[in-house]
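> A structural model of the following input is requested.
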Amino acid sequence: MFALARAAAYATLFVAFFLVFLPARVLEWSGLRAPPAAGAAQVAGIAIVVAGGALCLWCILAFATIGRGTPAPFDPPRRLVVRGPYRFVRNPMYLGAGVALAGAALYYRSPSLLAYVGVFLLALHLLVVLYEEPTLARTFGEEYDAYRARVRRWLPRWRAAAPRSG
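I've put the predicted structure just below:
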C-alpha cells in the first residue's frame, strides 16, 4: 500500500511538470489558446490523451503492485516488472506519456507542442539507453537480459512475450 502511495506521489510530480507545466509553457510561448469550439480534432485529441494517460496509470500500478516500488529512479521497483503492459514493450509508461502529449498537440493543433513531444521522446530515449538499461542490467542481471531479448524497447509486440521458465 505504501508503494502505491509513493508511486502516486512521484507520478503526480512527473505528470505535473513534464506533461502539464512544460507543455503549457510551450503553448503560451507559441501564442496558442484553447480552441473556441470542440471539433473532430479536439474530440480525437481528448480520446488520445485519455488512452495515453490510462496506459501510464496501468504502468504506475504495475510498478507499485508487482515491482513494489515506483517509476522514480531514486525509489525503483524491488522486482523486475515484466507483466501488464511490460509484456508487450519495455517502456510503455514513456510511450503512454508521449501518446498523451501527442493527443494534446492534436487538441490544440499545435506544431510547437508536437515538436515538444519529439524532444521529450528523444530525451527519454537517451535516459533509457544511457541510464535505465545499464542500471537494470546491473540490478537484475540475467533476468533483465532475458527480458530484453524477448521484449522490444519501443515497438510493441502485440502478442505478449511469454516469460521463459527455468
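> okay, CA-based contacts and neighbour counts for the rest of this
Noted.
> now do the helix ranked longest in the chain: distance to the chain's middle.
Counting by DSSP state H, the longest helix found in the chain is helix 40-65. Centroid separation for helix 40-65 versus its chain: 9 Å, with CA atoms, centre = their mean, to the nearest Å.
> outside of the helix or strand following it, which residues touch it?
On the C-terminal side of helix 40-65, the closest following helix or strand by DSSP states H and E is helix 92-108. Outside helix 92-108, the residues within contact range by CA atoms under 8 Å, 6 or more residues apart in numbering are 19, 32-35, 41-56, 59-60, 85-86, 111-114, 117, 120-121, 124, 154.
> hang on, the earlier thing: the longest helix of the chain packs against which elements?
On a contact count with 3 or more CA pairs under 8 Å, 6 or more residues apart in numbering; DSSP states H and E, helix 40-65 meets helix 2-14, helix 92-108.
> excluding chain neighbours, give the residue nearest to Arg153 in space.
Spatially, and ignoring its direct neighbours in sequence, Arg153 is nearest to Arg90 (4.8 Å; CA to CA, 6 or more residues apart in numbering).
> next one: phi and psi at the one you found?
Backbone geometry at Arg90, expressed as degrees, to the nearest 10, gives phi -80, psi -20.
> what about Leu57, neighbour count?
Residues near Leu57, counting by other CA atoms under 10 Å, number 17.
> give the contact list for it.
By CA under 8 Å, 6+ apart, the contact list for Leu57 is empty.
> could I get the buried residue list for the lowest-mean-pLDDT helix or strand in the chain?
None of the helices or strands of the chain scores lower by mean pLDDT, DSSP states H and E than helix 2-14, at a mean of 76. For helix 2-14, the neighbour count (16 or more other CA atoms under 10 Å) marks Ala3, Leu4, Arg6, Ala7, Ala8, Tyr10, Ala11 as buried.
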